[in-house]
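In: structure here, sequence nowhere to be found:
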């Protein structure tokens, strides 16, 4: 496939691959470089690096992981959509959790592939999204079908681990990170990690939104601190 651009006759589609695992980056690059219809292939191991590359070049497709060292793949998707609405996004992930599948679809991923699949699937996904179509690997199509049958409703409580539930309940009482860490006998970093996970699962950006959504869904009830 070639793309017509102003000021030049034709340009093959450029692709950016974003992943913090070098083996995966170079494995995908080797597959893409073997495709005659693909032009330049650029690599980024973090979100900030990907953004810098996007400022200087238009990418027809960006293949990204949702776990990056400096920003979540979901946040990067929002940035990509803002910076380059025409860019097609393919998520290449190891995760198959239902809540994550819902979020990927809801955020408008153009394609989803699993890292455990053969790299040839990346080739199939690219060809599909460059035609303007959606591509979901077999595993994700199965999950999508299950979601449709279940009404695609969010069961937030089933998404939470026991530790996340404990931290959510503590947050709902107004406890701060250090206090929660001391109460549960874990490190501050552990609490922060679970807090970020809660934000992601509930699709919120701050503690107030988190608590309100948890209350609305009947997961926690407001309690005074001396009753926690």
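Out: Great, that's in hand. Quick caveat: nothing in here was measured; it's all calculated off a predicted structure. Numbers count the residues shown, from 1 in each chain.
In: helices and strands of this structure: which one bottoms out on pLDDT?
Out: helix 138-149 (a mean of 64; mean pLDDT, DSSP states H and E).
In: part of a helix, is residue 171?
Out: Yes - using DSSP: H, G, I helix; E, B strand; the rest coil, the assignment for residue 171 is a helix.
In: is it true that it touches residue 180?
Out: Yes - counting by CB atoms under 8 Å, residue 171 touches residue 180, with 7.2 Å between them. Bear in mind the C-beta positions are built from the backbone N, C-alpha and C, glycine included.
In: residue 30: which element?
Out: helix 22-33 (DSSP states H and E).
In: how close does the closest residue in space to residue 164 that isn't next to it in sequence sit to residue 179?
Out: With sequence-adjacent residues excluded and distances taken as CB to CB, 6 or more residues apart in numbering, residue 164 is closest to residue 194, at 5.3 Å. Going from residue 194 to residue 179 by CB to CB, to the nearest Å gives 14 Å.
In: I'd like the next helix or strand past the lengthiest strand in the chain.
Out: Identified as the longest strand of the chain according to DSSP state E is strand 88-93. Beyond strand 88-93 in the direction of the C-terminus, DSSP H and E gives the next helix or strand as helix 98-106.
In: so the residue nearest to residue 164 sits against residue 165, correct?
Out: No - taking contacts as CB under 8 Å, residue 194 lies outside contact range of residue 165: 9.7 Å.
In: which SS state does the residue lying closest to residue 202 once chain neighbours are set aside fall under?
Out: Nearest non-adjacent residue to residue 202, counting by CB to CB, 6+ apart: residue 213, 5.1 Å away. The three-state label given to residue 213 by three-state DSSP is helix.
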